[in-house]
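Asks: Using only what follows, build the 3D model:
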Amino acid sequence: MSENFKIVEIKNDKKRFIQLLLIGDESEAMIDRYLQKGNLYVGISNDISIAVCVTLIIDTTTVAIKNLAVRPDFHRCGFGRLMLKHVECENPDKSIILGTGETPSTLRFYEKCGYRYSHRIPNFFTDNYSNPIIEEGVILRDMVYLRKDNA
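Replies: Predicted coordinates for the structure are as follows:
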């Protein structure tokens, strides 16, 4: 799985990873709101970019994951978990928060990684995205925030 996997931080020309970023967030306009001020990590295996993660420092105690995505042909191989671990190791004394839709497999994944329900923003997806987002038969409405205390 991860013998040839490495994670690098990208400082310049972050938009060249837009196709991967759009897997985690369907709106390029939304991605533009956080990409330049965030930290972009790219997971590479055998010289192929297969995963991305964008983090944003909220304050001295909290980091937000704004986008986490893995190429579909590499799903269920552990790369998403490795990206999360990398962010946690980069921020050893901070709480990590992330927002996601109520997609059952996504919520299960984050819960297995130690993230727990924090709060929700009602109608986030319906208010901020021009087209409905449907994942696993679920129309995404509320943004569900999860948290992991990393301290």
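
Asks: What's the mean pLDDT across the lengthiest helix in the chain?
Replies: What stands out as the longest helix in the chain, according to DSSP state H, is helix 79-90. Computed over helix 79-90, the mean pLDDT rounds to 96.

Asks: And for stretch 49-64?
Replies: Stretch 49-64 shows a mean pLDDT of 97.

Asks: Give the buried residues for it.
Replies: Neighbour-count burial for stretch 49-64 flags 49-56, 62-64 (criterion: 16 or more other CB atoms under 10 Å). C-beta coordinates here come from the backbone N, C-alpha and C atoms, glycine included.

Asks: And stretch 12-31, by the same measure?
Replies: 14, 17, 20-21, 23-26, 31.

Asks: Next: stretch 135-146.
Replies: Residues 140-146 are the ones in stretch 135-146 that count as buried (16+ other CB under 10 Å).

Asks: could those residues go into CSV alongside pLDDT and secondary structure?
Replies: Formatted as CSV, those follow (pLDDT from 0 to 100; DSSP: H, G, I helix; E, B strand; the rest coil):
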residue, pLDDT, secondary structure
Leu140, 93, coil
Arg141, 94, coil
Asp142, 95, coil
Met143, 94, strand
Val144, 97, strand
Tyr145, 97, strand
Leu146, 98, strand
